[in-house]
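Asks: sequence first, predicted coordinates after that:
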Amino acid sequence: MDWTNEFDTKTKEMKDNFIESKRNLIRDLLNQCTEGQRELFNRMYQGIEELPEEKMRWAYHQVKSTVEKNNKH
């Protein structure tokens with residue numbers, strides 16, 4: 001493998017790992033939600049595994065806000 005292919009392969013792996021880390025942040029928050037709230041998330045985004053990277057920031061915000069509201073009650 002020449003150095004350009006190696007670089008491309010390694011940076012793709014890093015990006016994939018970073019995206020998975022983002023999913024894990026959202027997943028951890030989802031675990032603090034009620035079953036109904038998780039079902040709503042899955043209807044909105046077709047599940048955490050299908051969530052595109054460009055929607056992760058907003059999804060994180062939504063789930064974090066939900067958890068904070070749940071914790072106030």
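Replies: Perfect, I can see it now. Numbering: from 1, shown residues only.
Asks: only C-alpha atoms for contact and neighbour calcs from this point on.
Replies: Fine.
Asks: point out where the chain drops to low pLDDT.
Replies: 1 (pLDDT under 70).
Asks: all helices for it, in order.
Replies: In the chain, the helices defined using DSSP state H lie at 3-30, 35-45, 53-72.
Asks: center of the chain, which residue is that?
Replies: Nearest residue to the geometric centre of the chain (Cα atoms, centre = their mean): Arg23, 2.5 Å.
Asks: how close does it get to Met56?
Replies: Between Arg23 and Met56 the computed distance is 8 Å (Cα to Cα, to the nearest Å).
Asks: got it, and Thr34?
Replies: With Cα to Cα as the criterion, Thr34 and Met56 are 20 Å apart.
Asks: what of His73?
Replies: Taking Cα to Cα as the measure, His73 and Met56 are separated by 26 Å.
Asks: neighbour-wise, which of the two wins?
Replies: A side-by-side neighbour count of His73 and Met56, using other Cα atoms under 10 Å, places Met56 first with 18 against 5.
Asks: do I have it right that the more buried one meets Lys22?
Replies: Yes. Between Met56 and Lys22 there is a contact under Cα atoms under 8 Å: 7.3 Å.
Asks: tally of neighbours for the residue lying closest to Gly47 once chain neighbours are set aside?
Replies: With sequence-adjacent residues excluded and distances taken as Cα to Cα, 6 or more residues apart in numbering, Gly47 is closest to Phe41, at 7.0 Å. Close neighbours of Phe41, defined as other Cα under 10 Å, add up to 18.
Asks: what's the neighbour count on Cys33?
Replies: Other residues within reach of Cys33, judged by other Cα under 10 Å, total 20.
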